[in-house]
Structures are given as structure tokens and as C-alpha cells.
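# Here is a sequence together with a model predicted from it:
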Amino acid sequence: MNRTQTQTGLIIAGVIVAFVCICGILILTVGGNWLNTLGRGTTPQPGSPVTWAADSADLTVAVAPGMAPLFNQFADQFNRQQLKTSDGQLMQIKPLTLAPNQMVEQSLGAPAFQAIAPDSSLWLGQIEQRWAAAHAESETTALIPIGTRRVGTPVRYAVSPIVIAAWENVARDLGWPEKPVGWRTIQRRATEDPNFKWNHPSTGHASGMLATLAEFYAGAGLTRDLTPEAAKKQDTLDYVRAVEATIRFYGEGEDVIVQKLAEQGQNFLDAFVTQEQTVIAWNQAHPDKPLVALYPAEGTLWADHPFTLLELGGNGETAVTDNQRRTFQAFVEFLTSAEVQKQVLAAGYRPADLSLKLDEAGSPFAGTSAVDWRQPQTTLQIPSPAVVEVVQNVWWYTKKPTNVILVVDTSGSMQGQKIARTREALQAFVAQIQGPRDQVGLLEFSSGTKSSIPLQPLDEQKRATLMAKIDALEAGGETALIDAVIKSYDTLLVNGDPSAINALVVMTDGNENASAGTLNDLQRRFQKADRIPVVIFTIAFGKDADEELLMQIAELGNGQFRRADETDIKELYQIISTYF
């Protein structure tokens, strides 16, 4: 396949995505667990009154975190032109970095932005479908009437295929470049080598959802026309479950993965699903530790980076002004200009301008084997809304199961607002866990370990019991952190499952001062245990927590350390839930 054919296939695929989303017929049933990272900046929540002047030409744009640095650069360049509307208003682009779930949720309320630039048109479909449902539109209506659309016609300014990124030595071990590498290759390697670590984000992230769709295509042996019946066939489900069973963990999007790679290198992951652009950007910054883009042999889909206006103005909300529409159009012309498209290419994305050659001198695709502009050989077709809905719904049945214990500090320093916020955060975490094979337990501690809820699957009754237990948490006593971690760890060794993600989520706001055990005791347990791997997430709640100790505990468990305060503890627990 030559470059023209490849790029033409991309355009067709992108147009299908855009058309499907704008027509409102792409139906996703994504839950609330699609946080990529905490939203940057202060933004009103849906329903908050947001106004701007009737002649305003300022256009606030919500941008996905991964694209934000480049988008901000483009906004600065545009703003420096000092363009004005016909009535003399200065046109200004004001980017706001926002996680995809916040972008969707706030778009349905009274957002502080008038335009959005997510990483995939899938999110536009989410907004449109939910907007139509909220306004009594039939879910079976093929086309959403113009007057009730929430999302305008999108423009693509950058695209990037979904790939499996691997360290160069790992890629060679998998057979690259002599042999094609696909989902079955990864599954076989991870099954044979228990030390092989790979991941894709949860299906709430574009790369995770698109990768999962690709797995269903592979399981069904198709590259187009995937039907609900084919997606639900036992052979297809068995294939996807076999691939997913080898995942080390799920989690967040590209920007967080790259940060962890910079900190931990190959100790963090051997391979991960991402956009092709991530590989280029990483290699530009780390030429001594190159990644390789593996284009799944069974086929892949694309992140299409749409930019679109919201159709605001109904139900008493402030409408998008004529001048803001002019600013939007001027910025569209700027983004699609030859000069900016060259910058898109230099940043590692494939430009929307097909006249730019990917293999010419100076292109990041030229002179390297880490990425291949002629790939992917097989571009998968965006499936029908019914198929996407089936895939999202059966995700909980095909994903790797989880056993997670929430280890919660309820010492005296947690009194007041902290314990109240903790209850909210824990309940938000539990609400995200929907898998019928997932088990959740809870252990609270202060001067010693207190009451607990054993690991259990969350059917309706047990979920209600756990929620009630969380709601009854009270603060008092000292902080026996290590004893609580040891007890929970021992519980996982007895009740965990080597085929599942076994994890502890440990939170404290203070210093260890009441344990009989020591960090060395915990370390010896990890050194002896090899049957059931346990990953530990630790959370320092507030400024008084012993961050050094929490970092050490997370490192023992090959996990992650995070900081939180009263304003973001709930969001942090929701983020962590995406790993399971």
C-alpha cells in the first residue's frame, strides 16, 4: 500500500468517525471512569452560571491533556497576530486543559468554554448521544435534528494511529522488524513470560477504547462490518479475554504513561498501547532509550483529534456569539494552514494536509525505523453504534479481574472535613468498579487495624453494605500504617488470584507511630512471595503525611505514589479506579 492509499484510507476512516458522531448515532455507554488526569485550571461545574459579553470574540477551548502543549503553542501564535472582527473585537484563543470526562460532563451543563478539542470523535458522540437523551430524543433516531445538536461540525487538524509502543530490545524479542507483531503476539509473550509487563488504558480513554475495538475485530477475524452478533460470539469473547488476561494493569492516558516511563524506564512497562505520536515525541526527547511503534498485524484504528464549536444558547444559557464563531473559523483556517500543518508533522502527528509528505527530509517519519509512515497496512472500520455499545458493555466480562483492598486511615487527624472527603472519595471509587468478577475489600486503621470488609464481588447487596460501611467511618486514635498494609497484603496472598490484578490502595494523612511491624517486615514478605504479585498505590492526604515512607511502600509494590488534598481526593480515587 502506498502513501496515498494509506492517507486516503485514513481520511475515509476519519470522515466516517466524524459523520457518525455528528449525526448522533454513535452510542457509547462509558461510565465515569475515564479520567486521564485531573483537569488543569479552575472551571465551573455543570450548571454553574457562565456568561460572556454579547460581542465577545474570546474563544475558550477545552483541550485534551495529551494535545495541550502543542495546542497551547498554536493558540499563542494565533493570538500574537492580533486579528480583529469587523466590529473591532480582538480575536483570542484561550485553551483550557481538561480531562475527557470533565469535557463531556461540562459540555452537557453550562460550560466555561465554547469549543472543544478532544483526542477522538468518540467523545463528541458521547456528548451528542447524552444531550439527545436528556432532551427526550429517541435513542433510535438516526439523525439528530439541527436544532437539538450540542456539537457543531468538527474539523480534524491532526491524526495518529493507535500502536503498541515497546522498548527497542523488547520489540526485537517480539520479532520486529522481520515479523509482524499483533495482539496475539503480545498475549503469547505475556503468557510465557510472567515478568513481561504491558498495558492499555481503560476503555474510558480513546487509546484504550480503540485498542479494545481492535481486539474484538481480531477475535472475530474481521477488518470491517463487525456486528453485535460477531462481537458477542463466544470465540470472540474468549479471544479478547485471553489478551486482556495478560494485562499488568489498565490506567490513564499517554501523558501519564510517559511521565512514569521517564521516572522508571523499563521497570514500569515493557510495552503499552498509545498513539504513534507518543513514540516520536519520546524518541525526540530520549534518543538513547528509543521506543518502537508496533502496528498491530490484525489492524488498528486512529485518534482523529477533532476541533469543534458547541451549540450553546438553549435553556437560558449564554449563547456562542457571532464574534466567537468568527474566531473559531479564523482559528480553523490557522490550524489547517500549510505552516501550522508542518508544525503538526514536526510534533509527530500525521497532518490533515495530505500534500505534506511524511517521508521527506526533515520529517520525524524519515530516517527512522521506530515508526513507519507506510503503516498501518490495515485500517479498521469504525463499527456501528450497536457494536460499540456491545463492546463497552461486555468490557467488564472480558477485562482482567481485580482484587483490591482499600486501606484507609481513620486516625484522629482525619476528623472533620478530611474524613468527610474520604467517605466521598471511597464511595466514588467503589461506584467505578462494575466488573462481575472484580472483588473489593476495605480495612480501616488508626492505633491498630479496625473493622474490615472482606474481599467480595460487588453484587447489589454487597455494594450497598460496603457503601454503608464507608459512610459510617469515624476518625480517632493513632496511625498504625505499616501494620495495616501488612495485614491487607497477607489477606491478598491468601485470597488473591494470580490471574487477577491484586492491589492495595493505601491512604494516610499522618506519620507512622503505632505499628508493631516495620518496613523491613513488609519488604521480606515481598521477597518471599512469588505466587501472587501485588501492586500498591499509596496516597499522601494533606501536607502532614509521611511521603517518604509512602513512596517506599509503593516502590515495594511496584505501584505508584500520589498526593491529594480535600479538593481533589475524590478525583484521585476515581483516577486510580481506572487502573482496575
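Alright, I've got the coordinates. Numbers count the residues shown, from 1 in each chain.
# distance of Ser120 from Ile575?
Remark: distance between Ser120 and Ile575 (CB to CB, to the nearest Å) = 19 Å. (Each C-beta comes from the backbone N, C-alpha and C, glycine too.)
# ignore the last one, Thr51
Distance of Thr51 to Ile575, given as CB to CB: 31 Å.
# again with Glu263
Distance from Glu263 to Ile575, by CB to CB: 17 Å.
# Excluding sequence neighbours, find me the nearest residue to the residue nearest the centre of the chain.
Centroid check for the chain by CA atoms, centre = their mean gives His205 as the closest residue, at 3.5 Å. Using CB to CB, 6 or more residues apart in numbering and skipping residues adjacent in sequence, the residue nearest His205 is Gly253, 4.7 Å away.
# Is the one you found in contact with Gly66, as I believe?
Yes: counting by CB atoms under 8 Å, Gly253 touches Gly66, with 6.0 Å between them.
# the residue most distant from the middle of this structure, which is it?
Asp87 (41.9 Å).
# Next one: it, what pLDDT does it get?
pLDDT recorded at Asp87 is 96.
# Kindly report the same for Ser120.
On the pLDDT scale, Ser120 gets 89.
# For it, which residues are in contact?
By CB atoms under 8 Å, 6 or more residues apart in numbering, Ser120 lies in contact with Val17, Ala206, Met209, Leu210, Ala303, Asp304, His305, Pro306.
# which stretches of the stretch 401-550 of the chain form strands?
402-409, 439-445, 449-457, 501-508, 535-541 (DSSP state E, counting those that start in this stretch).
# Quick one: work out the angle between the first one and strand 501-508.
An angle of 10 degrees separates the directions of strand 402-409 and strand 501-508 when computed by axes from the mean of the first three to the mean of the last three CA atoms, to 10 degrees.
# Would you mind pulling the contact partners of strand 402-409?
By CB under 8 Å, 6+ apart, strand 402-409 touches 422, 426, 429, 433, 435, 438-446, 455, 473, 479, 481, 484-485, 488, 491-492, 495-497, 500-510, 541, 580.
# for the strand or helix carrying Ile280, packing partners?
Element membership of Ile280, judged by DSSP states H and E, is helix 276-285. Judged by 3 or more CB pairs under 8 Å, 6 or more residues apart in numbering; DSSP states H and E, helix 276-285 is in contact with strand 158-167, helix 254-264, strand 291-294.
# do you know which of those lies nearest Lys232?
Comparing the helices and strands packed on helix 276-285 by their distance to Lys232 (CB to CB), the top pick is strand 158-167, with 23.0 Å.
# average model confidence for the closest one?
In this model, strand 158-167 carries a mean pLDDT of 98.
# in its sheet, what does that strand sit against?
When pairing is defined by DSSP bridges, strand 158-167 lines up against strand 271-275 (antiparallel), strand 291-294 (antiparallel), strand 302-303 (antiparallel), strand 350-351 (antiparallel).
# Look up phi and psi at the residue farthest from the centre of the chain.
Backbone geometry at Asp87, expressed as degrees, to the nearest 10, gives phi -100, psi 10.
# Over to Leu358?
Here is the backbone geometry of Leu358 (degrees, to the nearest 10): phi -70, psi -20.
# so it touches Gly348, yeah?
No: taking contacts as CB under 8 Å, Leu358 lies outside contact range of Gly348: 10.8 Å.
# Just give the nearest non-adjacent residue to Glu317, would you?
Ala110 (4.9 Å).
# Assign a three-state SS to the one you found, would you?
Under DSSP: H, G, I helix; E, B strand; the rest coil, Ala110 falls in the coil class.
# re the thing from before, using JSON lines, lay out the strands paired with strand 158-167 together with mean pLDDT.
Output for these, formatted as JSON lines (pLDDT from 0 to 100):
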{"stretch": "strand 271-275", "mean pLDDT": "96"}
{"stretch": "strand 291-294", "mean pLDDT": "98"}
{"stretch": "strand 302-303", "mean pLDDT": "94"}
{"stretch": "strand 350-351", "mean pLDDT": "98"}
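# Tell me which of those strands approaches Lys570 most closely.
strand 271-275 (26.8 Å).
# picking that back up, return the per-residue confidence for the residue nearest to His205.
Per-residue confidence (pLDDT) for Gly253: 83.
# State the number of residues packed around it.
Neighbour count of Gly253, defined by other CB atoms under 10 Å: 28.
# Got the phi and psi for it?
phi -90, psi -170.
# Comparing Leu358 and Gly348, which residue is more hemmed in?
The neighbour comparison of Leu358 against Gly348 (other CB under 10 Å) goes to Gly348, with 23 against 19.
# how close does that one sit to Ser337?
19 Å.
# And Leu443, by the same measure?
Separation of Leu443 from Ser337 (CB to CB): 58 Å.
# Of those two, which one has the most company?
Leu443 (21 against 13).
# residues touching Phe541, list them.
Residues near Phe541 by CB under 8 Å, 6+ apart: Asp409, Lys418, Thr422, Met507, Thr508, Asp509, Ala564, Asp565, Ile569.
# Look up the closest residue to it, ignoring the ones flanking it.
Computed as CB to CB, 6+ apart, the closest residue to Phe541 that is not its neighbour in sequence is Asp509, at 4.1 Å.
# same check, this time on Leu312
Here the residue nearest Leu312, using CB to CB, 6+ apart, is Val320, at 5.0 Å.
# which element follows the helix or strand of the chain with the lowest mean pLDDT toward the C-terminus?
The least trusted helix or strand in the chain, going by mean pLDDT, DSSP states H and E, turns out to be helix 3-22, with a mean of 41. Per DSSP H and E, the first helix or strand lying C-terminal to helix 3-22 is strand 58-63.
# strands paired with that following strand, and their directions?
strand 92-97 (parallel), strand 115-117 (parallel).
# and the ones you listed, which is most packed in?
strand 115-117 (a mean of 28; mean count of other CB atoms under 10 Å).
# Please state the offset of it from the chain centre?
With CA atoms, centre = their mean, to the nearest Å as the basis, strand 115-117 stands 18 Å off its chain's centre.
# could you point out which element follows it?
Counting by DSSP H and E, what follows strand 115-117 is helix 121-134.
# Next, the residue nearest to the centre of the chain: phi, psi?
Backbone geometry at His205, expressed as degrees, to the nearest 10, gives phi -100, psi 150.
# so it touches Val256, yeah?
No: if you go by CB under 8 Å, His205 and Val256 don't touch, sitting 9.9 Å apart.
# Low-confidence regions, this protein specifically.
Scanning the chain for pLDDT under 70 picks out 1-49, 136-147, 385, 529-530.
# Kindly report the domain assignment for it.
3-158+304-351, 160-303+379-397, 401-577 (automatic domain parsing).
# residues of stretch 446-458 that come out buried?
By neighbour count on 16 or more other CB atoms under 10 Å, the buried set for stretch 446-458 is Ser446, Ser447, Thr449, Lys450, Ser452, Ile453, Leu455, Gln456, Leu458.
# and the two most separated of the residues you listed?
Ser447 and Leu458 (29.4 Å).
# Make CSV out of the contacts of Ser120 and add distance to Asp353.
Formatted as CSV, those follow (distance: CB to CB, whole Å):
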residue, distance to Asp353
Val17, 18
Ala206, 22
Met209, 27
Leu210, 23
Ala303, 17
Asp304, 14
His305, 13
Pro306, 16
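# Most neighbours out of the residues you listed, which is it?
His305 (32 neighbours).
# which residues touch the nearest residue to that residue once chain neighbours are set aside?
Nearest non-adjacent residue to His305, counting by CB to CB, 6+ apart: Ala158, 4.5 Å away. By CB under 8 Å, 6+ apart, the contact set of Ala158 is Met67, His305, Val344, Ala347, Tyr349, Arg350, Pro351, Ala352.
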